[in-house]
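> Pasting the sequence and the predicted model now:
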Amino acid sequence: MKTLFVILFLLFSVTKVFADVGNTYRFSVEIVTKNSDTIFGYLYFGSYKEFDQRKYGANIKDYFIEMHPLDSIPIFPFISTYKLRNTDIDFASKESKQMLAFDNIVTIYANDVLEYPVGQRLVGLELKEMELLKLYQPNMQFVYNEFYSVMSTFVIVSWEKDKDLHEIQKSVSKKLIESIPKNESVNAENIKPFFDFLNKLKKDLLDEDILIFEIQGVS
């Protein structure tokens, strides 16, 4: 059996981190379009205005109209939820994302509404990466460096209970420390050697079922 590792690495590749808003929600929705299509899935949304379903009733389209002039909204049909430390994270297939034109939507029915702490809740994965997810909680290691970012954490995950993830954690942590410039702020140019290393690692390990992510807001 191949060693199954996941090193979680993401830089806003699927969903915006609502770091500058007061309320963030995950809506389980049923959307009806002008073509009479019915679409089920999950919608992630952030706003300064608190959502009150008593005001909008079952059809919550007006809430989104009041918030922002939206051209389209992304819907994810399926998600898998795991707890990383004290934070719940949803994984979804990037390929499954559907962008719906807002002016083609007749109704948005909310079957369930979950308010979650401001930060990144949704992580997008490739189909091959989604195949690695299991029904039970994985083992985890974390790489965090406040001089790189106070919000970002690299997460190392394995569903193989007897695997030692500490060596991978040490390797990523060491490279991150080496790449952080002394006496200057981190920027895209001076942190590039670290991501060159990380991207190569991701490519090299993909055939061994090893993935690389960064996550925002894991506490």
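Arrived safely, thanks for sending.
> for the chain, which residue is closest to the average position?
In the chain, the C-alpha nearest the mean C-alpha coordinate belongs to Val123, at 2.2 Å (Cα atoms, centre = their mean).
> so what's the backbone phi/psi at Val150?
Dihedral angles phi and psi of Val150 (degrees, to the nearest 10) take the values phi -80, psi -10.
> Just to be sure, Ser171 is in a helix?
Yes - applying DSSP: H, G, I helix; E, B strand; the rest coil, one finds Ser171 inside a helix.
> pLDDT score for it?
Here, the pLDDT recorded for Ser171 equals 93.
> Then Leu84?
On pLDDT, Leu84 comes in at 86.
> Isn't it up against Gln216?
No - counting by Cβ atoms under 8 Å, Leu84 does not reach Gln216; the two are 11.4 Å apart. (C-beta placed from N, C-alpha, C; glycine too.)
> Helix or strand: which one has the residue nearest to the centre of the chain?
strand 122-125 (DSSP states H and E).
> how about the CA coordinates for the helix or strand that that strand is followed by, as CSV?
Next helix or strand after strand 122-125 toward the C-terminus (DSSP H and E): helix 127-130. Extracted C-alpha coordinates of helix 127-130, given in CSV (Å, rounded to 0.1, in the frame of the first residue of the first chain):
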residue,chain,number,x,y,z
LEU,A,127,-10.1,14.9,-8.3
LYS,A,128,-7.1,12.7,-7.5
GLU,A,129,-6.6,14.6,-4.3
MET,A,130,-10.3,14.1,-3.3
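> just checking, what packs against helix 127-130?
Helices and strands touching helix 127-130, by 3 or more Cβ pairs under 8 Å, 6 or more residues apart in numbering; DSSP states H and E, are strand 87-93.
> for the closest residue to Ser173 other than its chain neighbours, what are its contacts?
Leaving aside its chain neighbours, Ser173 sits nearest to Val143 (4.8 Å; criterion: Cβ to Cβ, 6 or more residues apart in numbering). Residues near Val143 by Cβ atoms under 8 Å, 6 or more residues apart in numbering: 153-156, 169, 172-173, 176.
> Same question for Phe147.
Taking Cβ under 8 Å, 6+ apart, one finds 180, 186 in contact with Phe147.
> what's the distance between it and Ser72?
38 Å (Cβ to Cβ, to the nearest Å).
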